[in-house]
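> Dropping the sequence and predicted coords here.
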Amino acid sequence: MSGRKPHECKDMAEVRAEIDRIDVALVDLIADRFGYVDRAWQFKTNPGEAHVPWRIQQVIDKVKARAKERGLPPELTEALWRQMIGWFVQYEEEKLRRQLEGNGGRGA
């Protein structure tokens, strides 16, 4: 559901309400992304497959380009995505290690 545009906000309460609305949407989108990351590790066979530098750079390049299109500082977008991707890579590596050790990888 679309909210107010920044210039349509009449006071700080409206600005904060819009920020809260966007935060909910961002969490929902990150949860969706996490679902795909959670599925991706299941196609891999060892922890080394979780960190794929060329793919990470490809993702970073795409989000930086999108940020530029939207007037968002690309450096901010890159920093956020590198943090998120780093967490996801660690998550995948841990899942794959557990699977190799027989401690509840898939379906856990």
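Everything's here; your move. Numbers count the residues shown, from 1 in each chain.

> For the most far-flung residue of the chain relative to its centre, give its distance to I22.
In the chain, K10 marks the outermost C-alpha relative to the chain mean, sitting 31.7 Å out by C-alpha atoms, centre = their mean. The gap separating K10 from I22 is 18 Å, by C-beta to C-beta, to the nearest Å. Every C-beta, even on glycine, is put in place using the N, C-alpha and C of the backbone.

> and if you look at D61?
24 Å.

> again, but for V52
V52 sits 30 Å away from I22, going by C-beta to C-beta.

> likewise L29?
10 Å.

> same deal with L80?
Using C-beta to C-beta, we find L80 at a distance of 14 Å from I22.

> List the buried residues of stretch 52-63.
Judged by neighbour count (16 or more other C-beta atoms under 10 Å), stretch 52-63 contains these buried residues: I56, I60, V63.

> out of those residues, who's nearest Y91?
Proximity of the buried residues of stretch 52-63 to Y91, judged by C-beta to C-beta, is greatest for I56, which lies at 14.2 Å.

> correct me, but that closest one touches I85?
Yes: taking contacts as C-beta atoms under 8 Å, I56 lies within contact range of I85: 5.6 Å.

> I'd like the buried residues of stretch 52-63 laid out as CSV, including secondary structure, pLDDT and distance to L96.
Supplementary listing: the buried residues of stretch 52-63 in CSV, determined by DSSP: H, G, I helix; E, B strand; the rest coil; pLDDT from 0 to 100; distance: C-beta to C-beta, whole Å:
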residue, secondary structure, pLDDT, distance to L96
I56, helix, 97, 17
I60, helix, 98, 23
V63, helix, 98, 25
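
> Name the helix or strand for E18, please.
For E18, the host element (DSSP states H and E) is helix 12-40.

> typo on my end, it should be K95
Secondary structure here is read from DSSP H and E; on that basis K95 sits in helix 74-101.
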